[in-house]
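Undergrad: Fold the following and give me the result.
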Amino acid sequence: MNTVLAGKVALVTGGTSGIGLATAKELAAQGAKVYITGRRQAELDNAVASLGGQVTGIRADASRLEDLDTVYAQIAEQAGRLDVLYANAGGGDMLPLGAITEEHFDRIFATNVRGVLFTVQKALPLLVSGSSVILTGSTVSIKGTANFSVYSASKAAVRNFARSWALDLQGRGIRVNVVSPGPIKTPGLGELVPEDQRQGLFDALAATVPLGRIGEAEEVAKVVAFLASDAASFINAAELFVDGGMAQI
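TA: Residues are numbered from 1 along each chain as shown. As a prediction, this is how the structure comes out:
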């Protein structure tokens with residue numbers, strides 16, 4: 001068994017599918033005690049069942065502050081501290097500039113920006129010296145993407161959160177970094193288009209990636225687990241692209 005993260009307590013928000021689920025699995029495989037959150041109880045229960053005994057599920061919507069309070073109260077009672085926080089909950093959909101609505105903007109920013117802010121802020125009493133905070137960004141935050149401006153802007157905000165919070169927390173020895181995936185084969189990516197168009201979307205995205213394929217959630221999870229480990233103890237305020245080379249072209 002890989003014991004790199006043995007003894008560490010980790011929280012993965014949005015941990016019921018895709019990158020969040022893969023990361024929870026990887027952290028647990030490396031020895032961490034893992035908590036995951038999800039908005040829907042049935043999906044949360046299924047995720048916990050698939051992950052095994054090292055993982056605890058807590059139903060929570062990251063955009064609701066009272067839900068975050070519940071999450072941290074349970075972790076405080078059961079574990080007493082937090083060594084790894086992966087603020088992953090988020091998502092978005094596509095609309096061109098002329099069709100963007102107030103609801104579209106508010107929904108995406110409520111989770112991707114407001115939710116991330118308070119997920120980290122409310123964790124501060126539990127985070128110990130040497131803790132690792134990891135935020136989910138995206139390559140679209142540095143590239144123009146048609147019909148995806150609100151989501152892209154929300155992820156640009158996340159990148160600056162990390163750079164600023166690393167300075168806010170330097171006296172506590174807490175590291176803050178961003179993992180920014182490119183196109184990853186997840187349910188969220190597929191749901192951007194109707195089901196009969198998904199393979200076409202995946203193929204089109206693969207054609208833009210220097211490696212010639214889209215990524216797997218497990219490949220992102222391994223990078224998150226590395227940042228969670230003591231091997232990354234001198235990596236701070238950084239953005240790591242997991243994108244097959246997209247960010248460099």
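Undergrad: longest strand anywhere in the protein?
TA: strand 127-136 (DSSP state E).
Undergrad: Measure how far that strand is from the centre of its chain, please.
TA: In terms of C-alpha atoms, centre = their mean, to the nearest Å, the centre of strand 127-136 is found 13 Å from the chain centre.
Undergrad: try stretch 208-218
TA: On C-alpha atoms, centre = their mean, the centre of stretch 208-218 falls 18 Å from that of its chain.
Undergrad: any idea how far the nearest residue to residue 101 once chain neighbours are set aside is from residue 239?
TA: Closest residue to residue 101 apart from its sequence neighbours, by C-beta to C-beta, 6 or more residues apart in numbering: residue 95 at 7.5 Å. Using the backbone N, CA and C atoms, a C-beta is placed for each residue, glycine as well. Applying C-beta to C-beta, to the nearest Å, the value for residue 95 to residue 239 is 26 Å.
Undergrad: Check residue 17 too.
TA: For residue 17 relative to residue 239 (C-beta to C-beta), the value is 24 Å.
Undergrad: Would you tell me which helix is longest in the chain?
TA: helix 149-168 (DSSP state H).
Undergrad: buried ones in it?
TA: For helix 149-168, the buried set under the neighbour-count rule, 16 or more other C-beta atoms under 10 Å, comprises 149-159, 161-162, 165-166.
Undergrad: and the angle for that helix with strand 127-136?
TA: Compare the direction of helix 149-168 with that of strand 127-136 by axes from the mean of the first three to the mean of the last three C-alpha atoms, to 10 degrees and you get 160 degrees.
Undergrad: All good on my end, thank you.
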